[in-house]
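Q: Need coordinates for the following:
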Amino acid sequence: MNERVTKLKAFLEKDPSDSFTRYALALEYASHGEHRFALAYLRELLERDPKYVAAYQQLGIILAGLGHREEATEVLRKGISVAKEQGDLHARSEMQQSLDELG
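A: Numbering: from 1, shown residues only. Got it, this is the predicted structure:
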């Protein structure tokens, strides 16, 4: 396990409600191909903070990359809806593009 993961886990232990740290930890795992852990952290993040738009986007991208098209489509659609509610047009557009690429 690398030093960044160790530090992020320590931050998360101090503040388990810190959505950004949980998101960063998921991305760190994803960057090392540890998709099982990345997915777990992103799913937990969305359970704790269902308005964290970026988590939908990353979860959808990882699921699509692993061939889980149906679940990726569902996640991206939900993320688009949340982004729309929050007025986040950029994230909405990016997730729509990912959804379009899934067909």
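Q: Just the terminal-to-terminal distance for stretch 63-72.
A: 5 Å (CA to CA, to the nearest Å).
Q: Below-threshold pLDDT in this protein: ranges please.
A: 1 (pLDDT under 70).
Q: Please report the distance of L76 from I62.
A: 11 Å (CB to CB, to the nearest Å). From N, CA and C alone the C-beta is placed, and that goes for glycine too.
Q: Grab the most central residue of this structure for me.
A: In the chain, the residue lying closest to the centroid (CA atoms, centre = their mean) is A55, at 2.7 Å.
Q: Let me see the contact set for that one.
A: Residues in contact with A55, defined by CB atoms under 8 Å, 6 or more residues apart in numbering, are S19, Y23, A26, L42, L45, L46, D49, G79.
Q: now the third one, nearest residue through space, not along the chain?
A: Read it as A26. Leaving aside its chain neighbours, A26 sits nearest to Y41 (3.7 Å; criterion: CB to CB, 6 or more residues apart in numbering).
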